[in-house]
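Trainee: one predicted model, sequence on top.
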Amino acid sequence: MDDPLIVVVLLLVAAAATAAVAVRDPVRQALVLAVLGVCLALLFTVTQAPDVGLSQLAVGSAVTPLLIMLSVRKVRRRQQDGKEKER
Amino acid sequence: MNGWTWTATIALGVGVGAAVWGVVTGPLRRRVVAQNLSSALAAPGLLLLAQGYGRPAYVDLALLLALLGPVGTLVFARLLADDLAGDPPRAWAVTLAVAGYGAVVVLVLCAVTGPGRAMVKLLVVGALLIGGNLVASRALSGGFPGSRRG
Amino acid sequence: MNARTALVTALEVLGWWAALTLLWLVLISTVDTLEWAVGTSAALVGAVTARAARRAVGAR
């Protein structure tokens, strides 16, 4: 059995997931989410589900951060436009 | 559990643990470096796991991580360029140490595998891992100023 | 397109094709006829795309 390995990876996932919830700034949240994606892929691998791990890597390491960062950029631009109109 | 999976346990616990710690705390420039290094720290662990489980197909996970990890970092480098321009990350010592760690793991696994297509595959994964990581680190510290248009 | 550019184009695509086929053969687990067929055709598509991408990047 690979119990110590699974325990270590589970702890990593728990730490990264808790941090992803606790961090307030969306940009930093996106960074933590990217690392959480890698940790989840590791968890799927040590529980012998590498196919799920592959999909998790494909989605979690590039697509999720891209979506979040694009949304953050759009919201920031809109806020700046709003401030300029108020002046 | 055999020696390979024990090594992977320690390497993942220390390496990815440090990456999680680095991405959770500190200024933004340290967080992007930790996010960049998380893929370079996890991929050698995946290679060790593939060897430990005796399943060469698991190497594909490390291959995909070595390919997509730098892509994710380049997303951050491109969209955070304005935030990082005033306070660029400078962590070449850590980056080179992690690259050396990846090189050591790949070379040890190559020595165990012996010559053949499997060894060439490991070398391709290692080259992608180290090369992608160095390119992503350079992009983070503003090394490609021409790419910041639009 | 004159004869010289056509030759350069053909050589570049051929180079990409050879490199990508080699990469495919390294990354698969067992080499058989079906893998050869799929690999060479996928590598040809990849070679044409790679040349187009390189020209698009180089034109900046």
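Mentor: On my side now, so go ahead. As the structure is a computational prediction, the values presented were derived from the model and not from experiment. Numbers count the residues shown, from 1 in each chain, chains lettered A, B, ... in the order given.
Trainee: and the gap between the residue nearest to C:Val26 when sequence neighbours are not counted and B:Pro44?
Mentor: Distance criterion CB to CB, 6 or more residues apart in numbering or on different chains; nearest residue to C:Val26, sequence neighbours excluded, is B:Val120 at 4.7 Å. In this view, the C-beta of every residue, glycine as well, is placed from N, C-alpha and C. The spacing between B:Val120 and B:Pro44, counted by CB to CB, to the nearest Å, is 18 Å.
Trainee: do the same with B:Ala11
Mentor: Taking CB to CB, one finds B:Ala11 at 7 Å from B:Pro44.
Trainee: same question, B:Thr25
Mentor: B:Thr25 sits 24 Å away from B:Pro44, going by CB to CB.
Trainee: what about the helix or strand that contains A:Ala16, near chain B?
Mentor: Take DSSP states H and E as the rule and A:Ala16 turns out to sit in helix A:3-22. Yes - using CB under 8 Å from any CB of the partner chain, we find that helix A:3-22 touches chain B at A:Pro4, A:Leu5, A:Val8, A:Val9, A:Leu12, A:Ala15, A:Ala16, A:Ala19.
Trainee: what's the longest helix in chain A?
Mentor: In chain A, taking DSSP state H as the definition, the longest helix is helix A:64-86.
Trainee: ugh, typo on my part, it should be chain B
Mentor: Chain B, longest helix under DSSP H: helix B:28-53.
Trainee: pLDDT wise, what is B:Val14 at?
Mentor: B:Val14 carries a pLDDT value of 94.
Trainee: for burial, what's the neighbour tally of it?
Mentor: Other residues within reach of B:Val14, judged by other CB atoms under 10 Å in any protein chain shown, total 13.
Trainee: and the helix or strand where it lies, how far from the chain's centre?
Mentor: Assigned by DSSP H and E, B:Val14 falls within helix B:3-24. Going by CA atoms, centre = their mean, to the nearest Å, the spacing between the C-alpha centre of helix B:3-24 and its chain's C-alpha centre is 12 Å.
Trainee: any buried residues in that helix, and which?
Mentor: Residues B:4-5, B:7-9, B:11-13, B:15-20, B:22-24 are the ones in helix B:3-24 that count as buried (16 or more other CB atoms under 10 Å in any protein chain shown).
Trainee: same thing with stretch B:98-113?
Mentor: For stretch B:98-113, by 16+ other CB under 10 Å, it's B:Val98, B:Ala99, B:Tyr101, B:Gly102, B:Val105, B:Val106, B:Val108, B:Leu109, B:Cys110, B:Thr113.
Trainee: average pLDDT for that stretch?
Mentor: Across stretch B:98-113, the average pLDDT comes to 93.
Trainee: which residues does that stretch contact?
Mentor: For stretch B:98-113, contacts defined as CB atoms under 8 Å, 6 or more residues apart in numbering or on different chains pick out B:11, B:15, B:37, B:40-41, B:43-44, B:47-48, B:51, B:119, B:122-123, B:125-126, B:129-130, B:133-134.
Trainee: pull out the buried residues from those residues.
Mentor: Looks like those have B:11, B:15, B:37, B:40-41, B:43-44, B:47-48, B:51, B:119, B:122, B:125-126, B:129-130, B:133-134 buried, using 16+ other CB under 10 Å.
Trainee: filter those residues down to the ones near chain A?
Mentor: Near chain A, taking CB under 8 Å from any CB as the test, no member of these is found.
Trainee: ramachandran angles for whatever residue of chain B ends up closest to chain C?
Mentor: Across chain B, the shortest distance to chain C (CB to the nearest CB) belongs to B:Val120, at 4.7 Å. Note on B:Val120: its backbone torsions stand at phi -60, psi -40 [degrees, to the nearest 10].
Trainee: how much space between it and chain A?
Mentor: Distance, B:Val120 to chain A, using CB to the nearest CB, to the nearest Å: 21 Å.
Trainee: pull out the buried positions in the helix or strand hosting B:Leu63.
Mentor: Per DSSP H and E, B:Leu63 falls inside helix B:59-79. Residues of helix B:59-79 classed as buried: B:59-77, B:79 (neighbour count, 16+ other CB under 10 Å).
Trainee: quick one on the thing from earlier: between helix A:3-22 and the helix holding B:Val14, find me the angle.
Mentor: 10 degrees (axes from the mean of the first three to the mean of the last three CA atoms, to 10 degrees).
Trainee: now the angle from helix B:3-24 to helix B:28-53?
Mentor: Going by the same axes, to 10 degrees, helix B:3-24 makes 170 degrees with helix B:28-53.
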